[in-house]
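Asks: Next one to model:
(one chain, ligands or ions: 1)
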Amino acid sequence: IRVLVLHGPNLNMLGRRAPDVYGTATLADLEALCRDEGARLGLEVDCRQSNHEGELVTWIQEAAPSFSAIILNAGAYTHTSVAVHDALEAVGLPTIEVHLSNIFRRESFRHHSYVTPQAFGVICGLGFDGYRAALLALANRLKGNNG
Ligand code: DQA
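Replies: A predicted model of the protein is given here:
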């Protein structure tokens, strides 16, 4: 079972960017955690990051049939991208939206998400643990457990 973990713009700056909000660990650390946690749960995890909306759209479009699910932190495109919304709708894979920070206690422009209508679950504010939770939920769902 293969899961695609996608990160959008500025998430390559993790560790250097607003450490008070996002922590001091890096994207490489987060991706390693996802691969390790995935392996523990019997999932093969492929991690990608892009600062380009179109590249994210293409990766989402091409995710099926080789991937069974997507974990998406679209960064700021969460709040702006109809194209990401439409790509998720087109590909139809089970998707969990994740944000490191609690977007609802931040600026009001972060309160709306174009990803949420296409996601079966949303996790925010739990930092890296949000990805552990997302992988656990996907493992249960894809293996038909009632988590
Ligand atoms: C984020 C929240 C977004 O509002 C922001 O633009 C990001 C990161 C998060 O993980 O908390 O880039 O998606």
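Asks: Tell me the buried residues in the lowest-mean-pLDDT helix or strand in the chain?
Replies: Across the helices and strands of the chain, mean pLDDT, DSSP states H and E gives its lowest value to helix 19-22, namely a mean of 88. By neighbour count with 16 or more other Cβ atoms under 10 Å, helix 19-22 contains the buried residues Y22. Placement of C-beta: from N, CA and C, glycine included.
Asks: Would you pull up how far that helix lies from the middle of the chain?
Replies: 18 Å (Cα atoms, centre = their mean, to the nearest Å).
Asks: Does it reach the ligand?
Replies: No. Using Cβ under 6 Å from any ligand atom, helix 19-22 never reaches the ligand; the gap is at least 6.8 Å.
Asks: Next secondary structure after that helix?
Replies: Moving toward the C-terminus from helix 19-22, the next helix or strand (DSSP states H and E) is helix 27-40.
Asks: what sits up against the least confident helix or strand of the chain?
Replies: Applying Cβ atoms under 8 Å, 6 or more residues apart in numbering, the contact partners of helix 19-22 are 14-15, 100-101, 127.
Asks: Can you say which of those are buried?
Replies: Among the contacts of helix 19-22, those classed as buried by 16+ other Cβ under 10 Å are 14, 100-101, 127.
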